[in-house]
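Trainee: Sequence below, structure please.
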Amino acid sequence: MQKFYLTPEGKAELEKKLEYYKNVKRKEASEHIKEARGYGDLSENAEYDAAKEEQALIEQEIVLMQWQLENAELIETDAASDQVVVGATVRFYDCDMKEEDTVTIVGQAEASISAGRISNESPLARALLGAKVGDKRTVEMPDDTYDIEVLEITVG
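Mentor: Below you'll find the predicted structure:
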């Protein structure tokens, strides 16, 4: 099984979201079911079916979040490293596009391209992991490749 990573901040956010789902979303779904029951015959009640589906999705999310919290490996963002590890922020040069970029490698649950956080499972992260400053790597995409050079690594 592949490792599932979370930063300490990501873990705290996930715990907060889990509590919200358990204490708020669950109750809302229950209220929607109660309200939909009042519309009559359950066999032809689209509102009831939708409310039951909503409840199932909420329960599925709760189970997923609990699994993530139980199985996550915390990223130690204060550990010094001279190579790229999960949790590192990496400044690199894209040799093909002739431009610099910076990304932070995080677990899948915390990845956000717009925030500059990429999943450790992404092609770019896989190419960067284990690299040192000055290393050149090839990023292998499903239908293309491109070369990068590691310029700076910040951990912590």
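Trainee: so what's the nearest residue in space to residue 140 that is not next to it in sequence up against?
Mentor: Nearest in space to residue 140, with sequence neighbours left out and distances taken as Cβ to Cβ, 6 or more residues apart in numbering, is residue 123 at 5.9 Å. No exception for glycine: its C-beta is placed from N, CA and C like everyone else's. Going by Cβ atoms under 8 Å, 6 or more residues apart in numbering, residue 123 touches 139, 140, 141.
Trainee: what's the pLDDT at residue 123?
Mentor: On the pLDDT scale, residue 123 is placed at 97.
Trainee: quick one on the thing from earlier: highest neighbour count among the contacts of residue 123?
Mentor: When neighbours are taken as other Cβ atoms under 10 Å, the top entry among the contacts of residue 123 is residue 139 (19 neighbours).
Trainee: list the contacts for that one?
Mentor: Residues in contact with residue 139 (Cβ under 8 Å, 6+ apart) are 123, 124, 127, 145, 146, 147, 148.
Trainee: hmm, back to that, how far away is the residue nearest to residue 140 from residue 104?
Mentor: 16 Å (Cβ to Cβ, to the nearest Å).
Trainee: returning to what we had before: so of the contacts of residue 139, which ones are in strands?
Mentor: Using DSSP state E, the subset of these located in strands is 145, 146, 147, 148.
Trainee: Can you report how many residues lie near the last one?
Mentor: Right, residue 148. Neighbour tally, residue 148, other Cβ under 10 Å: 23.
Trainee: That one: what's it in contact with?
Mentor: By Cβ under 8 Å, 6+ apart, the neighbours of residue 148 are 92, 93, 94, 95, 124, 127, 128, 136, 137, 138, 139.
Trainee: Okay, and which of these map to strands?
Mentor: 92, 93, 94, 136, 137, 138, 139.
Trainee: Great, nothing more from me.
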